[in-house]
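*Asks:* I would like the atomic coordinates for the input below:
(2 chains)
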Number of protein chains: 2
Amino acid sequence: MLSLEQISQLAEATPSKIVLLVLDGLGGLPRPETGLTELETARTPNLDRLAREGICGMAEPVGVGITPGSAPGHLALFGYDPERFSVGRGALAALGIDLALEKGDLAARGNFCTLDDSGMITDRRAGRISTEKCFELCQLLTGMSIDGTGVLVSPVKEHRFVAVFRGDNLSSELGDSDPQHEGVPPRAVVPRTTQAARAAHVANEFIARAREKLAGHHPANMVLLRGFAHCPDFPTMTEVFKLRPAAIASYPMYRGLAKVVGMDILPTGPTISDGLSALAQHYDSYDFFFVHVKETDMAGEDGDFDRKVKIIEDVDVALPALIGLRPDVIVVASDHSTPALLKGHSWHPVPVLIHSRWCRRDAVEEFGESACARGGLGRFPAVQIMPLALANARKLGKFGA
Amino acid sequence: MLSLEQISQLAEATPSKIVLLVLDGLGGLPRPETGLTELETARTPNLDRLAREGICGMAEPVGVGITPGSAPGHLALFGYDPERFSVGRGALAALGIDLALEKGDLAARGNFCTLDDSGMITDRRAGRISTEKCFELCQLLTGMSIDGTGVLVSPVKEHRFVAVFRGDNLSSELGDSDPQHEGVPPRAVVPRTTQAARAAHVANEFIARAREKLAGHHPANMVLLRGFAHCPDFPTMTEVFKLRPAAIASYPMYRGLAKVVGMDILPTGPTISDGLSALAQHYDSYDFFFVHVKETDMAGEDGDFDRKVKIIEDVDVALPALIGLRPDVIVVASDHSTPALLKGHSWHPVPVLIHSRWCRRDAVEEFGESACARGGLGRFPAVQIMPLALANARKLGKFGA
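*Replies:* Predicted coordinates:
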């Protein structure tokens, strides 16, 4: 498999257009009564037409048997090997609340927690304080300056927040202050390398000052930090694929992941129709569009088979607005499976279709897991979807002479 | 996937015979009116019989979405990972005109070009001088000796030639003298490493002397060099696969690639029947034969769907001469697709059949892209064809105990 650097040397800018439609958590498992998955149960004449005219297969986002998180699942779809390009927990949390991270920023996930008088943790979640209270306490903590390093503290939900340290020379090689247990004191943040001494000092100083400021705010009288990670510094899709890429996603996490690979973020509303309106509106300004649908995954996580079916059908109904733009390449794919029967992400490969004039169509007649498993693409790593999309868009030159 | 070194440790010399028939650029795309590719359109009772009795699949020469050049496409078929074993442009040009390169030789592609009085390039191709003129000018330049390094200059076609530097200590880490633009002077050949200083000196001295010798030969009054590369130094098929291999190819490039992996080159004529006569004649002296058919690719490059169909049918008609020899293993494959609809190499995987007593046949009834896509081999890297052929020829021992 060629590396991103090797593919980069073959990539050429052309006017052709690619649309990557990601139905989050699309892959499913069959309902025992019917033997059909969510996707196979849904009435999807438009997706079926794309499958019939295109070439299909089953993609493995990370590897056989491996259940992907959202970040590796999406990075694979964007053409970035998720084993090599990883987004740390702290950075992912920051992306998840639309924080604009800068190069060198160090991010950590934070909890408000409760300490007793002897300094032992009695509740790692501070009684799950309200999100409103979390906002208020973050206001109290944000904006510190520690030895020239700024600290931004942003609320997430209930007791959870994100801390971003912005300054020079901040290594992410830090242990957690969160011991993951109650009945023990918080840990000091320990540097794992000598280079990380400064970052550890700044983090510990932030924690000490936070403890002072929170003294009167029992049960939220302390903070715990974990998952220190840098803002990812990946080559952009423009650098590696010579694309002008844009993302249409109504959930912050996916906008964040798109930003990490250099996509422009287009404003959009919550529905697939909003997304496809945004696509039409900006169609002339970009040559690659990532369109994200979150609700399939949410229905899967909720174990709601029928709602997942309905959402897939809603997407299918909206699809003519995409097909009508006549992109040179349409890819319909997913970042991972979220079978309603499992109520969570799973390791099952995801159905993929690639529709283009040059795709060499296979015999697949409908878009579904069983049909795609017999498709011309076979079972293949999701990271190969991008090279294939670029090839079909005639954006990839010859390897060797 | 085992490395060449690992496979080498399993390979055993046996009397069984393998014939690898390569139809260059065989893979195609369906003609819209019929939905059938070139191969699917052709009447091929013999290939179909081999497919029916054998096992089929679709091979990816380099990787999903990657369009291979001839060299990586063939190296993959010979069992050499084309990412690891690459043939530089200059060396490939030398192979393309049947030059016998020696170990350590440094080859470059050359152009005769036109300089004006101020030393600017006014025509990178010297008005596309005749091939006859090119022969004459190469005679003028060949045979120089520069600090103990001999320089051989051989014509290719029109303004194009190959320069081979033969001597000690010639690094290929050199920049081009060809700036790829007109209106600028030629570049000096720049060493990319300190070790390359000597090679750069020799190349620049050659260029300076060539300029003097060409002074009276306007418009061909200067040379441009690019793509400096060593003669590849690969382990031979005898070393790694314990084979006695021979090549039957009427085009120099493919003889050259075969020589690079240590095949003996058998004399042959231009037709497939000539090739199969050569095969019969030398059948007892070797246990591996690479038989190359170039014309399928040429018809594809010309966009001539019907001619490609006809050539495939001609091969099929000649095939009984091969089948009648009853090789233990027959492989029919291709180095890449060249769909007539695209008039060039493409990224589409290539149909492959492996015919042997031990192949575990699949349900494929005819040799074609759609049928092979449903074959027992699935979609797989072309570099795995050789281990599979060796295994079917019972030439590969057990891995581990």
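
*Asks:* please make it C-alpha for all contacts and neighbour counts, starting now.
*Replies:* OK.

*Asks:* per-residue pLDDT, A:Met1?
*Replies:* For A:Met1, the pLDDT comes out at 82.

*Asks:* now do the contacts for the residue nearest to it when sequence neighbours are not counted.
*Replies:* Closest residue to A:Met1 apart from its sequence neighbours, by CA to CA, 6 or more residues apart in numbering or on different chains: B:Gly63 at 5.6 Å. By CA atoms under 8 Å, 6 or more residues apart in numbering or on different chains, B:Gly63 lies in contact with A:Met1, A:Leu2, B:Pro381.

*Asks:* contacts for the longest helix anywhere in chain A?
*Replies:* The longest helix of chain A (DSSP state H) is helix A:197-213. Here helix A:197-213 makes contact (CA under 8 Å, 6+ apart) with A:140-141, A:144, A:146-147, A:149, A:151, A:169-172, A:174, A:188-191, A:221-224.

*Asks:* for the residue nearest to A:Met1, give its distance to A:Asp123.
*Replies:* With distances taken as CA to CA, to the nearest Å, B:Gly63 is found 52 Å from A:Asp123.

*Asks:* one more: A:Ala340?
*Replies:* With distances taken as CA to CA, A:Ala340 is found 33 Å from A:Asp123.

*Asks:* what's the answer for A:Gln6, then?
*Replies:* For A:Gln6, the distance to A:Asp123 - CA to CA - is 51 Å.

*Asks:* neighbours of the residue in the stretch 151-300 of chain A positioned nearest to chain B, how many?
*Replies:* Closest contact between the stretch 151-300 of chain A and chain B, by CA to the nearest CA, is at A:Phe241 (13.0 Å). Residues lying near A:Phe241 (other CA atoms under 10 Å in any protein chain shown) number 25.

*Asks:* so who does it touch?
*Replies:* Per CA under 8 Å, 6+ apart, neighbours of A:Phe241: A:Ile7, A:Ser8, A:Ala11, A:Glu12, A:Ala13.

*Asks:* so where do the strands sit in the stretch 201-350 of chain A?
*Replies:* Along the stretch 201-350 of chain A, counting by DSSP state E, counting those that start in this stretch, strands occupy A:222-230, A:245-248, A:264-265, A:288-293, A:329-333, A:350-356.

*Asks:* columns distance to chain B, mean neighbour count and mean pLDDT on top of those, output as JSON lines?
*Replies:* Converted to JSON lines, the strands of the stretch 201-350 of chain A look like this (distance: least, CA to the nearest CA, whole Å; neighbours: other CA atoms under 10 Å in any protein chain shown; pLDDT from 0 to 100):
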{"stretch": "strand A:222-230", "distance to chain B": "32", "mean neighbour count": "25", "mean pLDDT": "97"}
{"stretch": "strand A:245-248", "distance to chain B": "19", "mean neighbour count": "26", "mean pLDDT": "98"}
{"stretch": "strand A:264-265", "distance to chain B": "25", "mean neighbour count": "17", "mean pLDDT": "96"}
{"stretch": "strand A:288-293", "distance to chain B": "17", "mean neighbour count": "24", "mean pLDDT": "98"}
{"stretch": "strand A:329-333", "distance to chain B": "13", "mean neighbour count": "25", "mean pLDDT": "98"}
{"stretch": "strand A:350-356", "distance to chain B": "12", "mean neighbour count": "27", "mean pLDDT": "98"}
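
*Asks:* brilliant, that's me finished.
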